[in-house]
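A.B. asks: Below: sequence and its predicted model.
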Amino acid sequence: MAAQESSKSPDILYDVVQIMSVIPHRPPFLLVDRVVDLEPWRKVRAVKNVTINEDFFRGHFPAVPVMPGVLVLEAMAQTAMLLLQFSVRDHPDAAPGEIKSKAGPEDLAERIAYFASCDKVKFRRPVVPGDRLDLEASFLRLGGHLWRVAGRASVGGQRTAEAEMTATF
């Protein structure tokens, strides 16, 4: 394991193997390749490298391949789940008071979050093969059964999508 960690690029905080250890998604539905920055319990930045080999490009749209907007939204949601799971796993002592006063952060590690709603969704530009999709998620509301997250996606510094998402456990 140490050899694997030492071979990671310095701009990768968590690689795809580590990502799969904390969320249930698997290829072809795993839409995050690496985590590049984490402010525990606050914000995360991640990356999805979009290639022509993605299954969805075979039908959306073969002559002009575009990543479906709902999958960009899903990538933002997976990024939000990584914020929660890596915060729980690696920084439980930094959990905010409202989390510590409940069952504790360790209780969250075994739970799966499900979409409850998406609001203020905006798609601003298409995502195409060859793009590096930069993903961000930050908590707006923590605790209880409903959690609120702001998600953003961009390519080359240009916003591609944004949304406020609510998840339930």
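C.D. replies: Now that the structure is in, tell me what you want to look at.

A.B. asks: Which pLDDT value goes with Pro105?
C.D. replies: pLDDT for Pro105: 63.

A.B. asks: what about the longest helix anywhere in the chain, distance to the chain center?
C.D. replies: Longest helix in the chain, counting residues (DSSP state H): helix 69-90. Helix 69-90 sits 3 Å away from the centroid of its parent chain (C-alpha atoms, centre = their mean, to the nearest Å).

A.B. asks: tell me what it is packed against?
C.D. replies: Applying 3 or more C-beta pairs under 8 Å, 6 or more residues apart in numbering; DSSP states H and E, we find helix 69-90 packed against strand 34-39, strand 43-49, helix 105-108, strand 114-123, strand 132-141, strand 146-155, strand 158-168. In this view, the C-beta of every residue, glycine as well, is placed from N, C-alpha and C.

A.B. asks: Just give me the residue closest to the centre of the protein.
C.D. replies: By C-alpha atoms, centre = their mean, the chain has its centre lying nearest to Thr79, at 0.8 Å.

A.B. asks: any idea of the pLDDT on that one?
C.D. replies: For Thr79, the predicted pLDDT is 98.

A.B. asks: right, and it touches Leu133 too?
C.D. replies: No - Thr79 is not in contact with Leu133 according to C-beta atoms under 8 Å; the separation is 9.9 Å.

A.B. asks: quick one: contacts for Gln78?
C.D. replies: Shown in contact with Gln78 (C-beta atoms under 8 Å, 6 or more residues apart in numbering): Ile23, His25, Leu30, Leu31, Val32.

A.B. asks: can you check Phe86 too?
C.D. replies: By C-beta under 8 Å, 6+ apart, the neighbours of Phe86 are Tyr14, Val22, Val35, Leu38, Pro40, Val44.
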